[in-house]
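Engineer: Sequence below, structure please.
(one chain, ligands or ions: 1)
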Amino acid sequence: MEENRKADYRFYGRRKGKKLKPSREILLDSFLPKVRLPDVAGQNDLDPASCFSLPVKSFWLEVGFGGGEHLAEQSRRHPEKGFIGAEVFLNGVTSLLTHLTGMERRGDVDENVGLAEGRVDNVRVYDEDVRDILPRFKSGSFERIYVLFPDPWPKRRHADRRFIGPKNLPVLARLLKSGGELRVASDDMNYIRWSLEHLMKSADFEWTAQTADDWRKPPADWVNTRYEMKALAKGKKPVYLIFKRK
Ligand SMILES: C[S@@+](CC[C@H](N)C(=O)[O-])C[C@H]1O[C@@H](n2cnc3c(N)ncnc32)[C@H](O)[C@@H]1O
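Structural biologist: Purely as a prediction, here's the structure:
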């Protein structure tokens, strides 16, 4: 993590949760290095293609992937794309690794662990604050950026910690290709109002919704996330925003 981020690391809640099982420690030690984003510190104008050994040409970024269910499934469905996912919470990172290795089904793991059968090597994981790496990539690097069920920071005095907001939107706009999509979902109506306020103010983004169903219902290619499932189980109605980069 870069020096200037250390001071506000508290913004991102817990880094470590409950103690990891030994099998998950093995995943972190032996498998994470195989899929970890290469060190991009000091880079400018980085082409995301250089982070992959496969010849992938278009790239999707997921900010705060949580347990990684969405990232794992989208990358499985789209072997032709390169995925970069960032998550600061280590238990979330190991959960993603169980999906990528198929370990959630197999249950056994050793230091030779590799990708699950049928998967290609199209995911790169950044296990620290995503804001460290965003400025490193060249403009128009990503075709799609997902920010799904971001930490809501409900208190007004914490509003500047909300990921969607005046600090990060210009950064995300620079990284998206023209016509690329920023997809944001949340079950927190205050967060949705806040996001809409800032996205509508931005000259870089255009809301794609034509009818209420376009934000009330997830798009056809949607993959449920863990937080979304929790919200749905409580009877909440998440909102799905798709903004196009002009
Ligand atoms: C409420 S959870 C949602 C997780 C997941 N997207 C889902 O829908 O299940 C938000 C996640 O974003 C992560 N996060 C917040 N800020 C981040 C940052 N700057 N860089 C990387 N991850 C971040 C948190 O650690 C947390 O796991």
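
Engineer: Give the helix, strand or coil label for the residue nearest to S53 when sequence neighbours are not counted.
Structural biologist: Distances taken as C-beta to C-beta, 6 or more residues apart in numbering place D121 nearest to S53, at 6.2 Å, with adjacent residues excluded. Every residue, glycine included, has its C-beta placed from N, CA and C. Three-state assignment for D121 (DSSP: H, G, I helix; E, B strand; the rest coil): coil.

Engineer: Now do the contacts for D121.
Structural biologist: Listed by C-beta atoms under 8 Å, 6 or more residues apart in numbering, the contact partners of D121 are 35, 52-54, 115.

Engineer: Go ahead and measure how far the helix or strand harbouring R144 is from the middle of the chain.
Structural biologist: Taking DSSP states H and E as the criterion, R144 maps to strand 142-148. Relative to its chain's centre, strand 142-148 lies at 7 Å (C-alpha atoms, centre = their mean, to the nearest Å).

Engineer: Against L182, how distant is the most centrally placed residue in the chain?
Structural biologist: Among the residues of the chain, the one closest to the centroid is E62, at 2.1 Å (C-alpha atoms, centre = their mean). According to C-beta to C-beta, to the nearest Å, E62 stands 12 Å off from L182.

Engineer: Show the contacting residues for F65.
Structural biologist: When contacts are taken as C-beta under 8 Å, 6+ apart, F65 is in contact with 71, 85-87, 92, 96, 148.

Engineer: next one: phi and psi at S186?
Structural biologist: In terms of degrees, to the nearest 10, the main-chain angles of S186 are phi -160, psi 150.

Engineer: Would you confirm that it contacts I192?
Structural biologist: Yes. Taking C-beta atoms under 8 Å as the definition, S186 is a contact partner of I192 at 5.4 Å.

Engineer: which residues in this structure form helices?
Structural biologist: 3-6, 22-26, 32-35, 69-77, 90-101, 103-106, 169-175, 189-201, 213-216, 226-233 (DSSP state H).

Engineer: For those, please prepare TSV with the additional fields mean neighbour count and distance to the ligand.
Structural biologist: TSV is the format used below for those (neighbours: other C-beta atoms under 10 Å; distance: least, C-beta to the nearest ligand atom, whole Å):
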stretch	mean neighbour count	distance to the ligand
helix 3-6	10	8
helix 22-26	15	16
helix 32-35	14	15
helix 69-77	21	7
helix 90-101	22	5
helix 103-106	14	16
helix 169-175	18	11
helix 189-201	16	10
helix 213-216	14	17
helix 226-233	16	3
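
Engineer: Give me the buried entries from the contacts of D121.
Structural biologist: 35, 52, 115 (16 or more other C-beta atoms under 10 Å).

Engineer: what does this structure put close to the ligand?
Structural biologist: 12-13, 64-66, 86-89, 92, 129-131, 148-151, 163, 225-228 (C-beta under 6 Å from any ligand atom).

Engineer: In strands only, show me these.
Structural biologist: Among those, DSSP state E puts 86, 148 in strands.

Engineer: Write a ChimeraX command that selects only the buried members of the residues of the chain next to the ligand.
Structural biologist: To isolate the buried members of those in ChimeraX, using 16+ other C-beta under 10 Å:
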select :12,64,65,66,86,87,88,89,92,129,130,131,148,149,150,151,163,225,226,227,228
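
Engineer: ok so, going back, nearest to the ligand, of the contacts of D121?
Structural biologist: Nearest to the ligand among the contacts of D121 is V35, at 15.9 Å by C-beta to the nearest ligand atom.

Engineer: ok so, going back, turn the helices of the chain into TSV, columns for mean pLDDT.
Structural biologist: As requested, the helices of the chain are exported to TSV (pLDDT from 0 to 100):
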stretch	mean pLDDT
helix 3-6	44
helix 22-26	89
helix 32-35	97
helix 69-77	98
helix 90-101	95
helix 103-106	73
helix 169-175	98
helix 189-201	98
helix 213-216	98
helix 226-233	98
